[in-house]
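Chemist: kindly generate the corresponding structure for this input.
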Amino acid sequence: MRKFKINVMALAALAVAGVTGATLTSAGVEQNYTQNQAYYYNSTETDEGDFANPSNWSTTDSSNECQTNGDRPCHIDVPTGQTIGQVLADKSNEEVLEMSTDRKP
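Modeler: Next comes the predicted model:
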């Protein structure tokens, strides 16, 4: 009988934790959630290090050149709470190209 009580208490604790977690998720995280910020490569430069230079990126893309092929990155998404500089820090051009979901000619 003691083992049964321990199991019931453990299940009750898990249920409370699940309800609490769901409440926190719907009340806390979703209210503070914002979408990632898209940044677009706005330079014609392709020398090593240029893709990781934050000044070569902006939050708007007036060129509309994004496509599947090309030598330059088109855009990357910067997670909420991070800056473009943090995301690009110490990245090679190849690493930034891998992060980009599309390319510019």
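Chemist: use CA for all of it now, contacts and neighbours both
Modeler: Noted.
Chemist: from what I can see residue 35 touches residue 80, true?
Modeler: Yes. Taking contacts as CA atoms under 8 Å, residue 35 lies within contact range of residue 80: 6.7 Å.
Chemist: can you tell me the element residue 86 falls in?
Modeler: helix 84-88 (DSSP states H and E).
Chemist: which parts of this structure are helices?
Modeler: Ranges of helices in the chain, per DSSP state H, are 2-24, 30-32, 84-88, 93-99.
Chemist: hey, least reliable of these by pLDDT?
Modeler: Lowest mean pLDDT within the helices of the chain: helix 30-32, at a mean of 45.
Chemist: for the nearest residue to residue 105 once chain neighbours are set aside, grab phi and psi.
Modeler: Computed as CA to CA, 6 or more residues apart in numbering, the closest residue to residue 105 that is not its neighbour in sequence is residue 70, at 4.1 Å. As for residue 70, its main-chain torsions (degrees, to the nearest 10) stand at phi 140, psi 170.
Chemist: before we move on, the earlier item: quick check: buried residues in the helix holding residue 86?
Modeler: Residues 84, 87-88 are the ones in helix 84-88 that count as buried (16 or more other CA atoms under 10 Å).
Chemist: export the residues you listed as TSV, with columns for distance to residue 96.
Modeler: Converted to TSV, these look like this (distance: CA to CA, whole Å):
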residue	distance to residue 96
84	11
87	9
88	7
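Chemist: OK, contacts around the residue nearest to residue 105?
Modeler: 103-105 (CA atoms under 8 Å, 6 or more residues apart in numbering).
Chemist: if we use 10 Å, what do you get?
Modeler: 97, 102-105 (CA atoms under 10 Å, 6 or more residues apart in numbering).
Chemist: and residue 44, by the same measure?
Modeler: Residue 44 is in contact with 50-51, 56, 71-72, 104-105, counting by CA under 10 Å, 6+ apart.
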